[in-house]
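> one predicted model, sequence on top.
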Amino acid sequence: MPERGGEDHARLAAAARRLALEAGRAIMAFHRRDAAVGFKHDRTPVTEADRAADRLIVAGLQAAAPAIPVISEESVGTDTPAPPAGARFWLVDPLDGTREFIAGSEEFTVNIALVEAGRPVLGVLHLPALGETYLADGQGRALHAVGDGAPQPIRARRTPAEGPAVIASRSHRDAETDAFIARLGPSRTQGAGSALKFGLLARGEADVYPRFGRTMEWDTAAGHAVLAAAGGQVRDMSGAALRYGKAGFVNPPFVASGRDRVS
């Protein structure tokens, strides 16, 4: 296996970005068209767009880095074992925000992240319908690109004096989320779908994203990588950094935030 970091991370980040863009084009072929909706074992929806993106990304990652296992939402099963401690592996959600996609919304993403020793070290969030891409390049940089434009550095902000801007799930907001927001005091709240919420934190357009409902590791790893590279953080309710490679790949409740820790 190539040495971790340095040129290896740069090569893998470039491959992940290329595949995310290709998957986005495949997904858009199905956007706002009548398509059959199925349901997986956990009763979450799945479409042919999810499956087409999954096939493209998994094959591309295996070709780019044959020694690195790929764990994708669409191919993992309930009996898939967690990777060994300290393992290096890809986490992929080929279409995050399937409910938004089915509803005709533009707030869905392609998520690809590389995890090393429980931490996402590089990642790509691509929004095909909006033509935006967020990247953690594995070199400590968070970048944002619009269309074919050159990626520009982005940075999470410190919470403004007038109070935090909170971003919450549009489809999965619950009473615990509302109670958490109330404890923050004066704040402004907006809703958003998919992993886009991590991108808005990384760009300094919001300060806090609390999530108490169920999420899986492939939902958060790419966004976590981008936010961390931008100076932000993702922590569970004990204050520990969110880790990856857990049994069952289920996340605990967490709070993602900008440069100021929020709990």
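Thanks, I have it.
> quick check: bridge partners of Leu143?
In this structure, Leu143 has beta-bridge partners Leu135, Pro153, where bridges are defined by DSSP bridges.
> OK, contacts around it?
Taking C-beta atoms under 8 Å, 6 or more residues apart in numbering as the contact definition, Leu143 lies against Tyr134, Leu135, Ala136, Asp137, Pro151, Gln152, Pro153, Ile154. Where C-beta positions appear, they are placed from N, C-alpha and C, glycine not excepted.
> any idea how far it is from Leu91?
According to C-beta to C-beta, to the nearest Å, Leu143 and Leu91 sit 20 Å apart.
> before we move on, what about Tyr134?
Tyr134 sits at a distance of 16 Å from Leu91 (criterion: C-beta to C-beta).
> looking at the two, which has the bigger crowd around it?
Remark: of Tyr134 and Leu91, Tyr134 carries more neighbours, 33 against 29, as counted by other C-beta atoms under 10 Å.
> Leu125 is in contact with the more buried one, correct?
Yes - the criterion here is C-beta atoms under 8 Å, and Tyr134 meets it with Leu125 at 4.1 Å.
> shared neighbours of the two, anything?
Shared contacts of Tyr134 and Leu125, defined by C-beta under 8 Å, 6+ apart, are found at Phe198, Gly199, Gly223, Val226.
> any idea how far Thr80 is from Glu176?
Separation of Thr80 from Glu176 (C-beta to C-beta): 28 Å.
> neighbouring contacts of stretch 194-202?
For stretch 194-202, the surrounding residues in contact (C-beta under 8 Å, 6+ apart) are 93, 96-97, 100, 107-109, 111, 125, 127, 132, 134, 142, 144, 154-156, 167-169, 192, 206-209, 219-220, 222-224, 226-227, 229-230, 232, 256-258.
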